[in-house]
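Undergrad: Structure, please.
(chains A and B)
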Number of protein chains: 2
Amino acid sequence: MFDLNSYLVSKNNHINNSLNEILRDRLSSSRIVSAMEYSLMAGGKRIRPVLCIAAAEAVGGKADKVLPAACAIEMIHTYSLIHDDLPAIDNDGLRRGKPTCHVAFDEATAILAGDALLTLAFQILSSIELKNEHYASKWLSVICAISRAAGYQGMIEGQMRDIASEGLMLTLNELEEMHSLKTGAIIEASIYCGAIIENGNIEQIKQLGVYAKNIGLAFQVTDDILNVEGDPKIMGKAVGTDKNRKKSTYPSIMGIDKSREFAEKLADNALQALDGFDNRSDPLRAIAGYIIERKK
Amino acid sequence: MFDLNSYLVSKNNHINNSLNEILRDRLSSSRIVSAMEYSLMAGGKRIRPVLCIAAAEAVGGKADKVLPAACAIEMIHTYSLIHDDLPAIDNDGLRRGKPTCHVAFDEATAILAGDALLTLAFQILSSIELKNEHYASKWLSVICAISRAAGYQGMIEGQMRDIASEGLMLTLNELEEMHSLKTGAIIEASIYCGAIIENGNIEQIKQLGVYAKNIGLAFQVTDDILNVEGDPKIMGKAVGTDKNRKKSTYPSIMGIDKSREFAEKLADNALQALDGFDNRSDPLRAIAGYIIERKK
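TA: Numbers count the residues shown, from 1 in each chain, chains lettered A, B, ... in the order given. This next block holds a predicted model:
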């Protein structure tokens, strides 16, 4: 019987060790590195890097090979949180139970620490040791997929729509498109990169894409539900903020019960997409359940 | 006789066409792309991409091959200006004669447009058509050099020191180190990337590195001089701002005449570094003069 909890603990250790190693190499006395480290090591769930590793394993690969991609994606995720929390955007003071970067440091440092984490992600992705030349063009594809998912055609456009939609009543389609850009694209890229680095075949990559789309959306629906009925102590951040900001969410459009059913349906779709995989995809299966059952 | 003016016009056209082409492929109706385009096409001098092309030519190469690097570097330069101009950092309202991005749009859009330009730079660098695998590992080196120069070990650390130094009296060494990080590193990367993409040999790359260090610093000394005695109408931005902010500058430390001499000395050093090159490095020679004689 696969034990997700010990899997997550072990992968989180692996990822955190690797992130710490990257940071240890740096000028640790500088204020910018302190701010980068403060946010990067603030105890995130590491969902995206774990998905990257689990996708590599599902196609028969190993965690070590995809670690640079996993770490880079977590850096990009952290940069996006730092910038989203800024006074000019969401103006959030608390994140993962700690003061946000601009509160703990200052606004200029937070802007630049976000910029630096985004830039460092690409430095990590391009400075891997290349065993052979074939490997190089694969890493270029990884950089391309990640930058596309994180950029104006993905995460950033999603954030723009999120800002523009405050106080508006979105349709379900508009809401889904916004989330697919804001959080879905980077989740899909995490899984895609894990699979291509470890030589997943076309059919596997296609099915992992279906899995990714479904859990990406399930993740967001669950986030919306937690923002209504989560425990702020467990979550390490305020709840009820979506309602206060008059944001369209799944609960606000379809109600909390239907939202829960919808998240379950999405997790089921994700599981079905893994039908053709063997037990090396058990972590991905378990994560689909975890994503909709989590409390934070 | 080499005519720098028509060279700059022709290269600027080439670069601007290429940047326009990149932007034309995008969702031009979105607000984020409008903001990116607003700042990117605001009439910058394009010094960095021109240097990238001129370095490629100096080692016998062609502009077309290095254009993705040249465009990516200009995007990174533009993102850094957008973020530096933000209220939380320099709070500048005017840039290149036009309202800065956060004034023309809003602060959230400016933060995200900067993020999007930085991310797009890496998308451009990783989505070039690869003729062969050897070429792929070369572009990985380009991404590594650019991300290193732009990140917490380069431009961003320089910006942090610039912020921290307001109101302090820096030594010449501290000032030089700050500039070498803030503007020097990216100028060096521009030249380095142009040369390595077009197969410059080790000796050429070493000498171009010396050239780059010297014109990078000459560029900054001249910027400081222009901030004292430049014409705001020609420059498209306010002058006297360094003094108002009590910033250490070359004129404030060594006086305006010595600063001018110092800039000339640096330009001479840059020229000497090109001694072993043939007339294909004439553009680089002429640019060394232009950098210290420019009025904006």
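Undergrad: which regions of the stretch 51-200 of chain A sit below the pLDDT cut-off?
TA: Scanning the stretch 51-200 of chain A for pLDDT under 70 picks out A:130-133.
Undergrad: My impression was that residue A:51 belongs to a helix - is that right?
TA: Yes. Assessed with DSSP: H, G, I helix; E, B strand; the rest coil, residue A:51 lies in a helix.
Undergrad: Now do the contacts for it.
TA: A:187, A:190-191, A:194, A:212, A:215, A:284, A:287 (CB atoms under 8 Å, 6 or more residues apart in numbering or on different chains). Heads up, the C-betas are built off the backbone N, CA and C, glycines and all.
Undergrad: 7 Å instead?
TA: Residue A:51 makes contact with A:187, A:190-191, A:287 under the criterion CB atoms under 7 Å, 6 or more residues apart in numbering or on different chains.
Undergrad: Next: residue A:212.
TA: Contacts for residue A:212 (CB under 7 Å, 6+ apart) come out as A:187-188, A:191.
Undergrad: Just put these in a markdown table and tack on neighbour count, secondary structure and distance to chain B.
TA: Shown next, in a markdown table, are these (neighbours: other CB atoms under 10 Å in any protein chain shown; DSSP: H, G, I helix; E, B strand; the rest coil; distance: CB to the nearest CB, whole Å):
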| residue | neighbour count | secondary structure | distance to chain B |
| --- | --- | --- | --- |
| A:187 | 25 | helix | 17 |
| A:188 | 22 | helix | 16 |
| A:191 | 26 | helix | 19 |
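Undergrad: Report the mean confidence score over the longest helix along chain A.
TA: Longest among the helix segments of chain A by residue count, using DSSP state H, is helix A:202-229. For helix A:202-229, mean pLDDT is 95.
Undergrad: Give me the distance from that helix to the chain's centre.
TA: The chain centre lies 11 Å from the centre of helix A:202-229; the measure is CA atoms, centre = their mean, to the nearest Å.
Undergrad: Remind me what the helix or strand just after it packs against, helices and strands.
TA: Counting by DSSP states H and E, the next helix or strand C-terminal to helix A:202-229 is helix A:232-235. Helices and strands touching helix A:232-235, by 3 or more CB pairs under 7 Å, 6 or more residues apart in numbering or on different chains; DSSP states H and E: there are none.
Undergrad: Would you tell me which residues of the stretch 101-250 of chain A are close to chain B?
TA: Residues of the stretch 101-250 of chain A lying close to chain B (CB under 7 Å from any CB of the partner chain) are A:107-108, A:111-112, A:115-116, A:118-120, A:122-123, A:126-127, A:130, A:133-134, A:136-137, A:139-140, A:143-144, A:147-148, A:150-152, A:156-157, A:159-160, A:163.
Undergrad: Could you verify that residue A:43 is part of a helix?
TA: No. Under three-state DSSP, residue A:43 falls outside any helix and is assigned coil.
Undergrad: tell me the contacts of the closest residue to it other than its chain neighbours?
TA: Spatial nearest neighbour of residue A:43, chain neighbours left out: residue A:96 (5.2 Å); criterion: CB to CB, 6 or more residues apart in numbering or on different chains. For residue A:96, the contacting residues are A:42-44, A:236, by CB under 7 Å, 6+ apart.
Undergrad: Closest to residue A:253 out of the residues you listed?
TA: Residue A:253 lies nearest to residue A:236 out of the contacts of residue A:96, by CB to CB, at 26.3 Å.
Undergrad: So what's the residue count around the closest one?
TA: Counted with other CB atoms under 10 Å in any protein chain shown, residues neighbouring residue A:236 total 15.
Undergrad: likewise residue A:81?
TA: Other residues lying near residue A:81 total 21 when counted by other CB under 10 Å.
Undergrad: Mind listing what's buried along the host helix or strand of it?
TA: Secondary structure from DSSP H and E places residue A:81 in helix A:63-84. Residues of helix A:63-84 classed as buried under the neighbour-count rule (16 or more other CB atoms under 10 Å in any protein chain shown) are A:63, A:65-84.
Undergrad: So which elements touch it?
TA: Applying 3+ CB pairs under 7 Å, 6+ apart, we find helix A:63-84 packed against helix A:4-24, helix A:31-40, helix A:47-58, helix A:107-126, helix A:133-150, helix A:185-197.
Undergrad: Nearest to residue A:170, out of those?
TA: Among these, helix A:185-197 comes nearest to residue A:170, with 18.1 Å by CB to CB.
Undergrad: What are the contacting residues of that closest one?
TA: Helix A:185-197 is contacted from outside by A:48, A:51-53, A:55-56, A:59, A:65-66, A:69, A:73, A:76-77, A:138, A:141-142, A:145-146, A:149-150, A:154-155, A:204-205, A:208-209, A:211-213, A:215-216, A:219, using CB under 7 Å, 6+ apart.
Undergrad: Could you turn the buried ones of the residues you listed into a ChimeraX selection?
TA: To isolate the buried members of the contacts of helix A:185-197 in ChimeraX, using 16+ other CB under 10 Å:
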select /A:48,51,52,53,55,56,59,65,66,69,73,76,77,138,141,142,145,146,149,150,154,155,204,205,208,211,212,213,215,216,219
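Undergrad: Chain neighbours aside, what residue packs nearest to residue A:44?
TA: Once flanking residues are discounted, residue A:44 sits nearest to residue A:96: 6.3 Å by CB to CB, 6+ apart.
Undergrad: was I right about residue A:147 contacting residue B:126?
TA: Yes. Under the criterion of CB atoms under 7 Å, residue A:147 makes contact with residue B:126 at 6.4 Å.
Undergrad: and the residue lying closest to residue A:83 once chain neighbours are set aside, what is it in contact with?
TA: Leaving aside its sequence neighbours, residue A:83 sits nearest to residue A:114 (CB to CB, 6+ apart; 4.5 Å). Residue A:114 sits next to A:79, A:82-83 when contact means CB under 7 Å, 6+ apart.
Undergrad: quick revisit: now the contacts of residue A:212 in JSON lines, with distance to residue A:90?
TA: Below are the contacts of residue A:212 laid out as JSON lines (distance: CB to CB, whole Å):
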{"residue": "A:187", "distance to residue A:90": "20"}
{"residue": "A:188", "distance to residue A:90": "23"}
{"residue": "A:191", "distance to residue A:90": "27"}
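Undergrad: got the end-to-end distance for stretch A:98-117?
TA: Length of stretch A:98-117, first residue to last, CA to CA, to the nearest Å: 19 Å.
Undergrad: for stretch A:264-283, same thing?
TA: Start-to-end span of stretch A:264-283 (CA to CA) is 18 Å.
Undergrad: Need the residues that contact that stretch.
TA: A:2, A:7, A:54, A:57-58, A:60, A:207, A:210-211, A:214-215, A:217-218, A:221, A:284-285, A:288-289, A:291-292.
Undergrad: Any buried residues in it, and which?
TA: A:266-267, A:269-271, A:273-274, A:277, A:281-283.
Undergrad: Equivalent analysis for stretch A:287-294, please.
TA: A:287-292, A:294.
Undergrad: still on that earlier bit, dump the contacts of residue A:96 to TSV, plus pLDDT.
TA: As requested, these are exported to TSV (pLDDT from 0 to 100):
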residue	pLDDT
A:42	92
A:43	83
A:44	84
A:236	73
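Undergrad: from these, which single one is nearest chain B?
TA: For the contacts of residue A:96, the minimum distance to chain B (CB to the nearest CB) is 17.7 Å, reached by residue A:42.
Undergrad: show me what contacts that closest one?
TA: By CB under 7 Å, 6+ apart, the contact list for residue A:42 reads A:95-96, A:98.
Undergrad: Selection in PyMOL covering whichever of the residues of the stretch 101-250 of chain A next to chain B are buried, please.
TA: Per 16+ other CB under 10 Å, the buried members of those correspond to this PyMOL selection:
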select buried, chain A and resi 107+108+111+112+115+116+118+119+120+122+123+126+127+130+136+137+139+140+143+144+147+148+150+151+152+156+157+159+160+163
